[in-house]
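> attaching a predicted model along with its sequence, questions to come.
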Amino acid sequence: MRKPIIGILAPRRFNEEDPFECQSRFVDNYPKRVMEAGGIPIGLLFPNEKFIEDEIKMCDGIIIQGGPHLGSSHICVLHYAYLHKIPVLGVCLGMQTMVGYEWFCQKYSGELNYDIINKEFDYDSESYYLFDKKGHDELDPFVLKNIEKSKHKVFINEKSRLYDIFHTRVLDMPSLHKSIAKKEVFDNSFIFKVTGLSEDDEIEVIESKSDWWCVGVQFHPELESKNLNLFEELIRKSLK
């Protein structure tokens, strides 16, 4: 059986004055979990946020990894995956990308295309669908040996993809974020629904409402090998 190709989309740093500071920042734990789960990881690169459709055509599945900032290329990738029903796992910033995509779809009544995304979506829009809150980033800077200090409980809906994977309503997961998804984004949602909340009742998990396999988690499952089953499910879905 062939191994599925999983495209990993990393956040980017921008510095117009210093080309060495224009970087895509990949974290090794994501390709590591993909390989352990039986897939082949490749990096998705979009210099100057220019979306290249041919890159995505190579991918059987996609991971949108965590990091500081998302750009229009993140939204373009998710839009392509939505149109072509490519399985997606979003982690931290990856989940926030899904929230941003949901908000943007509502703004344009679902009538999106790549030109609109490239011209109209920007980092400054985050305040419409995210807000900052203390208490979800207790271990900063993060040190792996102290990972238990970074964890909090996540309560999962029993009628969710994540429950089918972990077979429990309560997860104890590393939390490394300050930005939180705004609940009002999902009041009249087009694509996603909320399926998991934190102890303080904030959004931790969203999933597609349709049969498209798309799961976003605000926590960081890639930090521990015991969460490999989530990546294995992505691999299974990517083989179909």
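Cool, got the structure. Residues are numbered from 1 along each chain as shown.
> quick one, strands of the protein?
Using DSSP state E, the strands of the chain run over residues 5-9, 12-13, 23-24, 40-44, 61-64, 88-91, 130-132, 151-156, 170-174, 179-181, 192-198, 203-208, 214-217.
> TSV for those strands, including distance to residue 33?
Bear in mind the C-beta positions are built from the backbone N, C-alpha and C, glycine included. Compiled in TSV, the strands of the chain are given as follows (distance: least, Cβ to Cβ, whole Å):
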stretch	distance to residue 33
strand 5-9	10
strand 12-13	22
strand 23-24	18
strand 40-44	9
strand 61-64	9
strand 88-91	10
strand 130-132	25
strand 151-156	18
strand 170-174	14
strand 179-181	23
strand 192-198	20
strand 203-208	18
strand 214-217	13
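> tell me which other helices or strands the helix or strand of the chain with the lowest mean pLDDT touches.
Least confident helix or strand, the chain: strand 12-13 with a mean of 79, by mean pLDDT, DSSP states H and E. Contact here means 3 or more Cβ pairs under 8 Å, 6 or more residues apart in numbering; DSSP states H and E; on that basis strand 12-13 packs against strand 23-24.
> packing partners for the strand it packs on?
So strand 23-24, by 3+ Cβ pairs under 8 Å, 6+ apart, packs with strand 12-13.
> residues contacting the strand it packs on, please?
Strand 12-13 is contacted by residues 21, 22, 23, 24, 25, 46, 49, 69, 71, 73 when judged by Cβ atoms under 8 Å, 6 or more residues apart in numbering.
> which of the residues you listed are buried?
Among the contacts of strand 12-13, those scoring as buried are 24, 46, 49, 71, 73 (criterion: 16 or more other Cβ atoms under 10 Å).
> returning to what we had before: which of the contacts of strand 12-13 lies closest to residue 181?
Within these, proximity to residue 181 (Cβ to Cβ) peaks at residue 69, which comes in at 15.9 Å.
> which residue packs closest to that closest one, ignoring adjacent ones?
Excluding the flanking residues, the one nearest residue 69 by Cβ to Cβ, 6 or more residues apart in numbering is residue 11, at 5.4 Å.
> would you agree that neighbour is in contact with residue 27?
No: using Cβ atoms under 8 Å, residue 11 makes no contact with residue 27, being 9.6 Å away.
> what residues do those two have in common as contacts?
Counting by Cβ under 8 Å, 6+ apart, the contacts common to residue 11 and residue 27 are 65, 66, 67.
> can I get these in TSV with pLDDT?
Below are the shared contacts of residue 11 and residue 27 laid out as TSV (pLDDT from 0 to 100):
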residue	pLDDT
65	95
66	86
67	81
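> now do the contacts for the closest residue to residue 91 other than its chain neighbours.
Leaving aside its chain neighbours, residue 91 sits nearest to residue 66 (5.0 Å; criterion: Cβ to Cβ, 6+ apart). Contacts for residue 66 (Cβ under 8 Å, 6+ apart) come out as 11, 27, 91, 92, 93, 94, 176, 177, 220.
> which residues in the chain form helices?
29-37, 53-57, 72-84, 93-107, 114-120, 161-166, 228-238 (DSSP state H).
> next, format the shared contacts of residue 11 and residue 27 as JSON lines and append distance to residue 205.
Listed next are the shared contacts of residue 11 and residue 27 as JSON lines, based on distance: Cβ to Cβ, whole Å:
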{"residue": "65", "distance to residue 205": "17"}
{"residue": "66", "distance to residue 205": "15"}
{"residue": "67", "distance to residue 205": "19"}
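> what is the nearest of those residues to residue 127?
residue 67 (18.5 Å).
> run a quick neighbour tally on the closest one.
By the criterion of other Cβ atoms under 10 Å, residue 67 has 21 neighbours.
> run a quick neighbour tally on the residue nearest to residue 69.
22.
> could I get the contacting residues of it?
By Cβ under 8 Å, 6+ apart, residue 11 lies in contact with 24, 25, 65, 66, 67, 68, 69, 70, 71, 93.
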